[in-house]
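# Following is a predicted model, sequence given first.
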Amino acid sequence: MPAFVFDAHALLALFRGEEGAVAVKELLHKAASADRPVHMTEVNYAEVKYTLLKKDGAEAWAQAADVLNSLPIEFHPVLRPLADQAADFKARFKISLADAFAAALAREKKAELVTGDPEFKALEKEIKIVWLK
């Protein structure tokens, strides 16, 4: 099984029952079965949290936070090499800073980025992307 990185879009699809939620559930199940966690930056975690709080409220976030504790996701802090790669992506492509961190982690881990966010189209030659549908 290849390594995977989630951007915020992937977890938001799962928690909000949006398009791609089934594919995210399947990837998480495979990751748990293989004992190989999915990766995510703390920056993208923050994006999930603030989006759920802002759009769905504190109760929705509390429920999501409980679920997160049981998911096979390894959260990565931002260290200088990751920040440098994210800055490079942000400087060269029209993407958000949070998306730049997800792409940087995918590059660092030689992983496939799981997303449905069209902003990542610009990075298809830089990293492998699994598009949620």
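Yep, that arrived. Numbering: from 1, shown residues only.
# When you work out contacts or count neighbours from here on, use the C-alpha atoms and nothing else.
Noted.
# Do a quick rundown of the strands in the protein.
4-6, 38-41, 73-76, 112-115, 128-131 (DSSP state E).
# Return the residues in contact with the nearest residue to residue 99 once chain neighbours are set aside.
If you skip the residues right next to it in sequence, residue 99 has residue 7 as its closest partner in space, 6.9 Å away by CA to CA, 6 or more residues apart in numbering. Taking CA atoms under 8 Å, 6 or more residues apart in numbering, we find residue 7 in contact with 40, 44, 99, 102, 113, 114, 115.
# On the pLDDT front, check residue 7 for me.
Among the per-residue scores, residue 7 holds a pLDDT of 97.
# do residue 46 as well
The predicted local confidence for residue 46 is 98.
# picking up where we left off before, need the strands of the chain in a markdown table with mean neighbour count, can you?
Listed next are the strands of the chain as a markdown table, based on neighbours: other CA atoms under 10 Å:
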| stretch | mean neighbour count |
| --- | --- |
| strand 4-6 | 27 |
| strand 38-41 | 24 |
| strand 73-76 | 16 |
| strand 112-115 | 26 |
| strand 128-131 | 18 |
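# Nice, that's everything, thank you.
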